[in-house]
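**Student:** Structure of the sequence below:
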Amino acid sequence: MTMTLLRRAVLTELRRRKMTKYRLAELSGVDAQIIYHWLRGEQGILEQNLVPILKALGLGIVATRPLPPPEEEPALPAEATDNPPQEPAP
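**Tutor:** Sure thing, here's the model as predicted:
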């Protein structure tokens, strides 16, 4: 889901509930200016602010398709670790 769709969903729910952005700020605990600027598309929003906004409106994010498996991180070279490489036993 893109930020535009999230923004649109929040605006739609605000209209449906006849709720002001100021009231959303009170309910969510997120600063009103952050909400105003995000809903106007003037700035992005951090997850730590988005989650309480969605919760205050009873909205959530649901994955509609499985996420791809995480890529394995490459192993660090021996010189980048704290432990020096071990010599094979004779």
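**Student:** pLDDT weak spots in the protein?
**Tutor:** Residues of the chain meeting the criterion pLDDT under 70: 1, 67, 72-90.
**Student:** ok, which stretches of it are strands?
**Tutor:** Assigned by DSSP state E, the chain shows no strands.
**Student:** contacting residues for the one residue sitting closest to the centre of it?
**Tutor:** Nearest to the mean C-alpha position of the chain, by CA atoms, centre = their mean, lies Glu47 at 3.1 Å. For Glu47, no contacting residues are found, by CB atoms under 8 Å, 6 or more residues apart in numbering. C-beta coordinates here come from the backbone N, C-alpha and C atoms, glycine included.
**Student:** Same question for the one 3 residues further on.
**Tutor:** The contact partners of Leu50, taken as CB under 8 Å, 6+ apart, are Leu6.
**Student:** longest single helix anywhere in the chain?
**Tutor:** Counting residues, the longest helix in the chain under DSSP state H turns out to be helix 3-17.
**Student:** Check which residues of that one are buried.
**Tutor:** Buried residues in helix 3-17, defined by neighbour count with 16 or more other CB atoms under 10 Å: Leu6, Val10, Glu13, Leu14.
**Student:** Spatially nearest residue to the third one (excluding sequence neighbours)?
**Tutor:** Spelled out, that is Glu13. Leu57 (4.6 Å; CB to CB, 6 or more residues apart in numbering).
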